[in-house]
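Asks: Requesting a structural model of the entry that follows:
(chains A, B and C)
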Amino acid sequence: MILDGKCPTGPIQQTWDKHRFDLKLVNPSNKRKYNIIVVGTGLAGGAAAASLGELGYNVQAFCYQDSPRRAHSIAAQGGINAAKNYPNDGDSIYRLFYDTIKGGDFRAREADVWRLAQVSNNIIDQCVAQGVPFARDYAGYLDNRSFGGAQVSRTFYARGQTGQQLLLGAYSALSRQIKLGTVKMYERREMLDLVVVDGVARGITVRNLITGKLESYAADAVCLATGGYVNVFYLSTNAMGCSVTAIWKAHRKGAYLANPCYTQIHPTCIPQAGEYQSKLTLMSESLRNDGRCWVPKNKADLNKHPNDIPEEDRDYYLERKYPSFGNLAPRDIASRAAKEQCDDGRGVGPGGRGVYLDFASAIKRVGEDTIRERYGNLFEMYEKITAEDGYKRPMRMYPAPHYSMGGLWVDYNLMSNIPGLFVLGEANFSVHGANRLGASALMQGLADGYFVIPYTIGGYLAGVKPGQVTSEHPEFRKSEEDVKNSVNRLFDIKGKKTVFEFMRELGGLMWENCGMARSKESLEINLKRIPELREEFWKNVKVSGTGSELNQQLENAGRTADFFEFAELLCRDAHHRNESCGGHFRVEYQDAGEAQRDDVNFAYAAAWEFKGTGKEPELHKEPLKFENVHLAVRSYK
Amino acid sequence: MSEHHKTMTFTLIVWRQKGPNDPGKFETYTANNITEHHSFLEMLDCVNEDLIKSGREPIVFDHDCREGICGMCSQVINGMPHGGEKRTTVCQLHMRTFKDGDTIYVEPWRARAFPVIKDLVVDRSALDKVVQAGAYISCHTGGVPDGNAILVPKGAADEAMDAAECIGCGACVAGCPNGAAMLFTGAKVSQYAVIPQGRAEASRRVKSLVTAMQECNFGNCSNHYECQASCPKGIDVKFIARMNREFIKAQFA
Amino acid sequence: MQFLKSSIGRKVLMAITGFSMFLFAITHLLGNSSIFGWLPGGINAYAHHLHSMPSPVIWGFRLVLLVFVCIHIWFGIQLTIENRAGGSQQYAVKAFQKVTFASDNMIWTGLLILAFILYHLAHFTFQVVSPETAALSNLDVSGNPNVMGMVVAAFQNIGITLVYAIAMVAIFLHLYHGIQSFFQTMGWNNDRTISAISGSGKLIAFAIFIGYLAIPLTILVRILK
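Replies: The predicted structure follows:
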């Protein structure tokens, strides 16, 4: 089937304005009659719940953490992009649009990206009004920095904790609505099913993580803002609780999952120290503004103290391969280059998984104090984790899974193929194409939540009679029953291996065969091994305790079970995409180390339809048209 | 680089409590094969794996981001919230700060406002209630002025940021002998009081936050400053002074 | 009234009343130091001077002080009871990083000071403890009550000196925490002032301690006769 993204037509500059006008409106006095469920309270979900509540809808918001303020958006460090052009350095909505399309390696929809660039400016205004303490200059004006190799300074930031501050802004707006009674907040609830009645999304079933009780909630529309899925690699920079579960449950109920193979590997993370490790910690990309990446030229030098390796025996591989961008090459390129050096046997640190990020020459140039001022908190973090002093010896870095560009397929209104199911933020696939630019994730989450969904959901609800289905509907009972059965099934296995052991194994396979570089062969290994491992999981996993209490093993087991099914789809998507683009790098498709896109055959979004566990999913394509930005080869040489 | 880490062994004395109404008690466990690179939570993961395999109930504890920013982790280690390392959450506390053979006490946050849910997990919704009482600027989505239309002096922006660094973990309450939330609430009041956008509601905000703090059963401040020492983000007690000042001022507004 | 019910409002009252008593303590010490002879006629003249003020002034002053003491004690007890219920008493192990002996025992040093004040009033104001040396019944050469004689007689007794010394330790501890606490509660504090305020608070507390202790000690070792 050919999918239609329902993008407005005409000159791109007018698409969003025109579309907003064309959207039907809900009568103000009728809004309170509509129930809306928002799952996830990160930037997208928190902003959406707050904005929809303020408009007058009845909102029910859900999160698995103990407070909406803890969503993983909080961990974003770098900043948020906007086309304000405050520094007068040539930025514009058009340039942000262009950079995002190009950065995404021409695998995103033009109209969606245009809208994102257009509302980016409103986001900054909104956050300032909320009191987000963005960095200011001495005159009191907002400060900008250049980020992720962008040619203009368009990134707004709040020290190294921009994500935290933006999330707290959204959380404060949400808290205000909770107090006003327009939003009812349900914490410590994990969504375990989407309830679809007659093909329309009507509610969700959640597990109360404290009591274990299964609860279902009905609504006129359901918004999923449940984040990304890179924990499928087990070790990632995501929080421990981040999972694919919510979107996977929706996928099982018919929602198409698009481009799962587009995963972003962040180049600068602290390398893994041992098997027991539970997560990887990201170090802001800004470090590459002053740090130089290198590995020893000779394997004989690997065990030497890095400061004892003379200049001529060091390989500054990024500067060598990409003379014009050097250490500021985009994320995917920098990550792959690091992996290449390590695969060549020249990686440093435990397991040979690491490259040096050296500040010696920057310290010599501008002094240690300046470096401390710029990155002090990052050096502190590095020392806390590794017990090494980054000022005295080069830091060790290694790429780690960080962000997922793929997600549930949505149309221009952020509605999935299931009517009434909307998907926001990282959980959808819409704007980043095959690769996300730095400081754009926060922008997308808030754009979707504050400035897109409040309009587009109205367009949908205006055509729907409120309260048609209540949670008394048999479909809700059935959903609860299904969830109960799958929970019980996990307890009944009584096997020998722990959930962590399975997850580590699955993550290992994913990282090894479907990580930074993928090949037909490696993916076929996974497509064979993952179903085997999944079967073993369902025969041999050990989950103790009961379902009627706080049981973290059960939570993890459920998430792992979904990751098993999802991992297979991810590999299948990667296997079918016979090209390299953005975060998806197939070793067969390269030109002297550079990704080779195939625009003739693959300029489409691949949306997969679930056909049953272990059954081949059906591929639907949404062709991508580029009328404003011309298809070109990305070059950073 | 040492590829072969020396391993360590610890004795853990951990609070176990089945549910809110269970009396709870301490249990003793051994953590084996721990390296200096294990974080405290990774060490607990290892203990839990052993417990699961030996058919016992793993220790339940709150955690999420494991990089010191989400504020989910909440353990009192040897009598100090987050273990007492300066500017460090439990998830960022590494076992190299302990000595091989150490006995370590692990307890949940304890305060009247934070009832224990299970083992080391406590209910911190009281902090959300304080925020809901008015720790925000009541602006609408959309219809706000340009970001640069409101000039915020750098000093004020920095001060607001110092206050806003709070991760809402509740260590200040857990560390306080009175179970007071003055540092948390003070940081919220100050964050908005120092910037022009927040001035319009400043009096209303401080009054309703202070009331909410009391209604949530938090204690009163005795100016011990234990909260600042407990805070993994080093939030300064000057924000408590600022809240007191704002509160007094609000009586005349 | 909301202010009087609020946590901070009650603390502000504690701070204001406490600070007033602190100011009284300083004045009292300055007056008492006339025992060392810097005022012609010594402490007897000072006492006479005080008592020759119009009685509405004296009783007004005493009344205000009494009300302040009552407010301070009432809220002190109330807040402490609330705090004990709200806090960390249930930890099996508690390692405080900032709490000091002084800050942790304000209620006990406070109650000790209360007991001392009652004794002190009975002793030197109402003069019922040792009637034989009472200043009111023993006049000096100028016909003023012989305060000097009464005080010297009292502190030559090591037991009484000990009672006073213990009370002065309590006052020292109370002020050690209390002075800086006043500035914090009133909101007159920030990160730049806190160490200076806290440091000078402790110094002043110590100075008051030494000052008050100087009188009984110099009498005990017979420097002052």
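Asks: what is the mean pLDDT for the helix or strand encompassing residue C:173?
Replies: Secondary-structure assignment from DSSP states H and E places residue C:173 in helix C:158-186. Averaged over helix C:158-186, pLDDT sits at 97.
Asks: What of stretch A:45-58?
Replies: 98.
Asks: Can you give me every residue that contacts the residue of chain B found nearest chain C?
Replies: Chain C sits closest to residue B:245 of chain B, with a gap of 2.7 Å, by Cβ to the nearest Cβ. Heads up, the C-betas are built off the backbone N, CA and C, glycines and all. Neighbouring residues of residue B:245 by Cβ atoms under 8 Å, 6 or more residues apart in numbering or on different chains: C:186-188.
Asks: What's the mean pLDDT across the helix or strand hosting it?
Replies: Taking DSSP H and E as the criterion, residue B:245 maps to helix B:238-251. Helix B:238-251 carries an average pLDDT of 97.
Asks: One more: stretch A:522-537?
Replies: Per-residue scores along stretch A:522-537 average to 98.
Asks: List the buried residues of it.
Replies: Residues of stretch A:522-537 classed as buried under the neighbour-count rule (16 or more other Cβ atoms under 10 Å in any protein chain shown) are A:522-523, A:526-527, A:529-531, A:533-534, A:537.
Asks: Export the residues you listed to CSV and append columns for distance to residue B:35 and secondary structure.
Replies: Putting those into CSV (distance: Cβ to Cβ, whole Å; DSSP: H, G, I helix; E, B strand; the rest coil) gives the following:
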residue, distance to residue B:35, secondary structure
A:522, 31, helix
A:523, 34, helix
A:526, 30, helix
A:527, 36, helix
A:529, 30, helix
A:530, 31, helix
A:531, 35, helix
A:533, 28, helix
A:534, 32, helix
A:537, 28, helix
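Asks: with those in mind, which one is nearest to chain C?
Replies: residue A:537 (39.5 Å).
Asks: That closest one - nearest residue in space that isn't next to it in sequence?
Replies: residue A:502 (5.1 Å; Cβ to Cβ, 6 or more residues apart in numbering or on different chains).
Asks: Kindly provide the distance from that neighbour to chain C.
Replies: With distances taken as Cβ to the nearest Cβ, to the nearest Å, residue A:502 is found 36 Å from chain C.
Asks: what about that residue, which helix or strand?
Replies: Going by DSSP H and E, residue A:502 is part of helix A:499-514.
Asks: mean confidence for that helix?
Replies: On average, the pLDDT along helix A:499-514 is 97.
Asks: can you check stretch A:219-236 too?
Replies: 97.
Asks: does any part of it sit near chain B?
Replies: No - Stretch A:219-236 is not in contact with chain B by Cβ under 8 Å from any Cβ of the partner chain; minimum separation 11.0 Å.
Asks: and if you look at stretch A:111-122?
Replies: Yes - counting by Cβ under 8 Å from any Cβ, chain B has neighbours in stretch A:111-122: residue A:122.
Asks: Residue A:596 contacts residue A:584, doesn't it?
Replies: No - if you go by Cβ atoms under 8 Å, residue A:596 and residue A:584 don't touch, sitting 11.5 Å apart.
Asks: okay, those two: which has more neighbours?
Replies: Comparing residue A:596 with residue A:584 by other Cβ atoms under 10 Å in any protein chain shown, the one with more neighbours is residue A:584, at 29 against 15.
Asks: Could you pull up the residues touching the closest residue to that one other than its chain neighbours?
Replies: Residue nearest to residue A:584 in three dimensions, not counting chain neighbours: residue A:261, with 4.9 Å by Cβ to Cβ, 6+ apart. Taking Cβ under 8 Å, 6+ apart, we find residue A:261 in contact with A:406, A:514, A:518, A:570-571, A:573-574, A:577, A:583-584.
Asks: Run through the residues of the stretch 201-350 of chain A sitting next to chain B.
Replies: Applying Cβ under 8 Å from any Cβ, we find that the stretch 201-350 of chain A lies next to chain B at A:210, A:237, A:239-241, A:273-274, A:276-279, A:281-282, A:303, A:348-350.
Asks: any weak-confidence spans in chain A?
Replies: Within chain A, the ranges that satisfy pLDDT under 70 run A:637.
Asks: for the stretch 151-300 of chain A, what spans make up the strands?
Replies: For the stretch 151-300 of chain A, strands defined by DSSP state E, counting those that start in this stretch occupy the ranges A:155-156, A:183-186, A:189-197, A:200-208, A:214-218, A:221-224, A:257-258, A:263-269, A:292-296.
Asks: Comparing those strands, which comes out most buried?
Replies: With neighbours defined as mean count of other Cβ atoms under 10 Å in any protein chain shown, these peak in mean count at strand A:221-224, which reaches a mean of 30.
Asks: what lines up beside it in the sheet?
Replies: Paired strands of strand A:221-224, with direction, are strand A:35-39 (parallel), strand A:421-423 (parallel) (DSSP bridges).
Asks: Any idea how far the longest one is from the middle of the chain?
Replies: For strand A:35-39, the separation from the chain centroid amounts to 21 Å (computed by Cα atoms, centre = their mean, to the nearest Å).
Asks: quick one, that strand and strand A:189-197 angle?
Replies: 130 degrees (axes from the mean of the first three to the mean of the last three Cα atoms, to 10 degrees).
Asks: Could you point out the helix or strand that follows strand A:35-39?
Replies: Counting by DSSP H and E, what follows strand A:35-39 is helix A:43-55.
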